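> Task: produce atomic coordinates for the following.
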Amino acid sequence: MGVRQWLESWPVYRQLTGPDPLGRGAAAQSPRYAAMRPRTESADRVADSVCPFCAVGCGQRVFVRDEKVVQIEGDPDSPISRGRLCPKGSASLQLVTGPQRQEKVRYRAPYATEWTDLDLDTAMDMVVDRVLDARERGWQEHDEHGNRLRRTMGLASLGGATLDNEENFLIKKLFTALGAIQIENQARI
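Numbers count the residues shown, from 1 in each chain. Down below sits the predicted model:
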């Protein structure tokens, strides 16, 4: 590297000799920085989404290239967050693409020391069997005075604040149809 080349790589020299005497533009940029491009520039499409972490519902823009998520940013058109995300929302990309993300059903039988992989249909059947069994074991048709109850004390639901109104509505309907009376949500507490 010659002296002239070294001087031109120095931001102060570029500032003093170039058209940017205050050093707020091109004079402050290194060649490496000038060659950089945003990850979002190469995205095939952008999908609007909502942050999954809490009940605030901050808007997100999900940038997709080759059907893979490459970046998640705040949505500036969102009236809730106006393009801003909290630290957890900013880490949404890791939630979607992180190497620790589980992509298969894992099951550890009672008293077992190892996890096993299950196919989704088997796991769903196991959940249904257990829900119906708990419902049946806790079922109360009548009280001690002969009044009709038709409820179960074997099931309860405590929803989290990360669910939106529609999800809470469906959960309330499901548990009511199952006969549960202990249905609560964290957002109401």
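> Leaving out chain neighbours, which residue sits closest to residue 181?
Excluding its sequence neighbours, the residue lying closest to residue 181 (C-beta to C-beta, 6 or more residues apart in numbering) is residue 151, at 5.2 Å. Any C-beta I mention is one placed from the backbone N, CA and C, and that applies to glycine too.
> can you give me how far whatever helix or strand residue 141 lives in is from the chain middle?
Assigned by DSSP states H and E, residue 141 falls within strand 139-142. Distance, stretch centre to chain centre, for strand 139-142: 40 Å (C-alpha atoms, centre = their mean, to the nearest Å).
> Contacts for it, please.
148-154, 179 (C-beta atoms under 8 Å, 6 or more residues apart in numbering).
> show me what contacts the residue nearest to residue 153 when sequence neighbours are not counted?
Leaving aside its chain neighbours, residue 153 sits nearest to residue 138 (4.3 Å; criterion: C-beta to C-beta, 6+ apart). The contact partners of residue 138, by C-beta under 8 Å, 6+ apart, come to 152-155.
> now with 10 Å?
151-156, 179-180 (C-beta atoms under 10 Å, 6 or more residues apart in numbering).
> Could I get the contacts of strand 139-142 in JSON lines, plus columns for pLDDT, distance to residue 127 and secondary structure?
Shown next, in JSON lines, are those (pLDDT from 0 to 100; distance: C-beta to C-beta, whole Å; DSSP: H, G, I helix; E, B strand; the rest coil):
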{"residue": "148", "pLDDT": "93", "distance to residue 127": "29", "secondary structure": "strand"}
{"residue": "149", "pLDDT": "93", "distance to residue 127": "26", "secondary structure": "strand"}
{"residue": "150", "pLDDT": "93", "distance to residue 127": "23", "secondary structure": "strand"}
{"residue": "151", "pLDDT": "93", "distance to residue 127": "21", "secondary structure": "strand"}
{"residue": "152", "pLDDT": "93", "distance to residue 127": "16", "secondary structure": "strand"}
{"residue": "153", "pLDDT": "93", "distance to residue 127": "20", "secondary structure": "strand"}
{"residue": "154", "pLDDT": "93", "distance to residue 127": "15", "secondary structure": "strand"}
{"residue": "179", "pLDDT": "94", "distance to residue 127": "17", "secondary structure": "coil"}
